[in-house]
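> sequence? don't have it. structure:
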């Protein structure tokens, strides 16, 4: 009988299908598991997801403001029919769900995909586990005590997205020892039939950036100022894809107006569907993501699959891979000078750029393929469930 696998993701939307909340249950269902996604009922339709994977929508029976309580109630009623529970992020809500699940299904298995990167800084849960901050209310102190003493023990397997973070968390926190693995994210090129890719020499001279433009995390201002610095020394153009934060639009417009010579060298595509975004990666040679902090964002997995050399900062999960695999340049600071210097290393040396792009592609082919990732996960789940 097939094992049942539940991904509990309260605010799942259709665009998540191409990200880990959708790909994990979809891919694991193709490995023989009976998988489903559980989310809060919503008016948002799921035309892509529901063609591929079963979705259970939980009506907020306790009122919309208590939606997560409704999900926990669903979990209690269905815990004995669930072999593996997949949760995201180390939070009070995820640990409470894990604890309640194990109360009613002691033989059940809980996996939490943390999506944390040690190089990006410290997370709230680290302060709780280290008792470094005193909660302001008795209620908060009680919750933190439960997290430390009881709830965190309910998790059977944790995963992060880079080896450095795995090593750090395992050595720093007893709760993770022997229970944490590195699990990469992947691309969906196989689903969209993007199996034929351009060679680096056939690509256009494009630097690409994709994501939530204008957020503090993505450092879009740093990217644009760095491009202004390198533009006189290169014939590469800059292409931006993604939604732009409303508060950033005036800054962006002022930047373009103040630099009229760059107006025709910077293209803003807006939000692209996955297929069009893949087409842009395939045309581009360099991905520049000067993030101030970042886990293993899908943009890295996707662009590297298409053979883009990567310029990023040391505060992201992929930094160690870029260094170790010679797949691009890592700026040690997220400022315009450091990012511009890293870009120039590749822009002034075409052979280094091509070599970096080819190395990025080779690594992605081997490690950022969802079928490969999920087969490794299944091996871990089977091994550890037998140990339990």
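Everything's here; your move. Quick caveat, the model's predicted, so the values are computed rather than measured. Residues are numbered from 1 along each chain as shown.

> sec struct for residue 159, please.
strand (DSSP: H, G, I helix; E, B strand; the rest coil).

> That one contacts residue 184, doesn't it?
No - between residue 159 and residue 184 there is no contact under Cβ atoms under 8 Å: 9.4 Å. Just so you know, the C-beta spots here come from the backbone N, C-alpha and C atoms, and that holds for glycine as well.

> more crowded one of these two?
residue 184 (24 against 19; other Cβ atoms under 10 Å).

> any idea how far the more buried one lies from residue 338?
Counting by Cβ to Cβ, to the nearest Å, the gap from residue 184 to residue 338 is 26 Å.

> So, low pLDDT: which residues of the chain?
The chain contains residues with pLDDT under 70 at 62-67, 388.

> residue nearest the centroid of it?
By Cα atoms, centre = their mean, the chain has its centre lying nearest to residue 297, at 3.8 Å.

> Apart from its chain neighbours, what residue comes closest to that residue?
Of all residues not flanking residue 297 in the chain, residue 211 sits nearest, at 6.8 Å (Cβ to Cβ, 6 or more residues apart in numbering).

> count of neighbours near that neighbour?
Residue 211: 19 neighbours (other Cβ under 10 Å).

> pretty sure it contacts residue 290?
No - if you go by Cβ under 8 Å, residue 211 and residue 290 don't touch, sitting 11.1 Å apart.

> Pretty sure residue 308 sits against residue 287.
Yes - in this structure residue 308 lies within contact range of residue 287 using Cβ under 8 Å: 4.2 Å.

> between those two, what contacts are shared?
Residues touching both residue 308 and residue 287 (Cβ atoms under 8 Å, 6 or more residues apart in numbering): 208, 281.

> Looking at the two, which has the bigger crowd around it?
The residue with more neighbours, out of residue 308 and residue 287, is residue 308; 32 against 25, by other Cβ under 10 Å.

> and the nearest residue to residue 33 once chain neighbours are set aside, how many neighbours does it have?
Spatially, and ignoring its direct neighbours in sequence, residue 33 is nearest to residue 5 (4.4 Å; Cβ to Cβ, 6+ apart). Residue 5 has 24 neighbouring residues, counting by other Cβ under 10 Å.

> can you confirm residue 5 is in a helix?
No - secondary structure of residue 5 (three-state DSSP): strand, not part of a helix.

> In this structure it contacts residue 30, no?
No - contact criterion Cβ under 8 Å: residue 5 and residue 30 do not qualify, at 11.5 Å.

> residues touching residue 10, list them.
Residue 10 is in contact with 39, 40, 67, 68, 71, counting by Cβ under 8 Å, 6+ apart.

> now with 6 Å?
By Cβ atoms under 6 Å, 6 or more residues apart in numbering, the residues touching residue 10 are 39, 40, 71.

> Please, which helix or strand holds the first one?
For residue 39, the element it lies in under DSSP states H and E is strand 34-40.

> which outside residues touch that strand?
In contact with strand 34-40 (Cβ under 6 Å, 6+ apart) are residues 2, 4-10, 12, 25, 28-29, 54-56, 58, 67.
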